[in-house]
Each structure stands twice: as structure tokens, then as C-alpha cells.
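Visitor: A predicted structure for the sequence below; I have some questions about it.
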Amino acid sequence: MDNKASIDDLKKMVKAFCEVRDWDQYHNPKDLAIGISTEANELLDLFRFKSDSDMKELFNNEDKFVLIREEIADVLFFILRFAQRNNIDLHDALIEKLEKNAKKYPVEIVKGDNRKYNVY
């Protein structure tokens, strides 16, 4: 369940994991951003060229589902580490971004429409 730990708890877990391995020296903003992108692309690769039924099968196949979970965890790890190392409050960042996007994508204009804000 996602309510087992706060974002701060997760950041502390990642920090402790990395510090005992002496990885701070490798975790500058550029390399952590590369890590986020790399892991996100590994997640994406699991879905490449898959039909809707193929994707459903991925989630219903225990071994494939484990791979999806591992890749999403890798993405989360790098996001948490990036935020932890660079003093980014993820809660505040998300709230601010949602508020900004609410202005770009007003419900009365975009409901049921997934086009980018500069198209309509």
C-alpha cells in the first residue's frame, strides 16, 4: 500500500541506501537526470510495439508485472534521489505544477481532449 511511508521517508531510505555505498560522488544533477531518463525508457521499452491486448497481458503475467514494477521503482528511486540531493520538495513541486497546469488546461475547454494546451 502506498500509505506505508511518506515521501520524506522514501527520500531518507534512498539517501541511506546510497550513502552506505558512497554513491554521493556519482549523484550530481546531470547523472541523476540521465538515470531518470534511462529508467523511464526501460519502462517504456516494455510497452513498445504492444497492442492493448498485449499490454493487458503484461499486467496479467506475473513475471512481466514484476519487470514493470521494477522499472517504475527504478524511476522513482532516481526521482527521489534527485529531489533529495537538490533540496526539492516533491509535494510542493507537484502542487505548484498542478496549479499551473489547471490554468493551461481549464476543464471547460479540455475535458475529454488530450491535445497540448497550445493547440486549442
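Guide: Received the coordinates, thanks. Quick caveat, the model's predicted, so the values are computed rather than measured.

Visitor: contacting residues for Arg48?
Guide: Not one residue lies near Arg48 by C-beta atoms under 8 Å, 6 or more residues apart in numbering. Bear in mind the C-beta positions are built from the backbone N, C-alpha and C, glycine included.

Visitor: And the helices in the chain, which stretches?
Guide: Secondary structure of the chain (DSSP state H): helices located at 7-19, 29-47, 52-60, 62-85, 90-104, 107-110.

Visitor: could you dump these to JSON lines with distance to Val119?
Guide: Listed next are the helices of the chain as JSON lines, based on distance: least, C-beta to C-beta, whole Å:
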{"stretch": "helix 7-19", "distance to Val119": "33"}
{"stretch": "helix 29-47", "distance to Val119": "23"}
{"stretch": "helix 52-60", "distance to Val119": "25"}
{"stretch": "helix 62-85", "distance to Val119": "28"}
{"stretch": "helix 90-104", "distance to Val119": "11"}
{"stretch": "helix 107-110", "distance to Val119": "10"}
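
Visitor: The ones you listed: which one's closest to Tyr120?
Guide: With C-beta to C-beta as the measure, helix 107-110 is the member of those nearest Tyr120 (6.2 Å).

Visitor: For that closest one, which residues meet the burial criterion?
Guide: Buried residues in helix 107-110, counting neighbours by 16 or more other C-beta atoms under 10 Å, are absent.

Visitor: and what of stretch 7-24?
Guide: In terms of neighbour count (16+ other C-beta under 10 Å), stretch 7-24 has its buried residues at 10-11, 14-15, 18.

Visitor: Over to stretch 70-88?
Guide: Buried residues in stretch 70-88 (16+ other C-beta under 10 Å): 71, 74-75, 77-85.

Visitor: Equivalent analysis for stretch 91-109, please.
Guide: Tyr105.

Visitor: same deal with stretch 42-58?
Guide: Leu43.

Visitor: from now on call the first residue 42
Guide: Sure, I'll start numbering at 42, so the last one becomes stretch 83-99.

Visitor: And that stretch, end to end?
Guide: Distance across stretch 83-99, first residue to last, is 15 Å (C-alpha to C-alpha, to the nearest Å).
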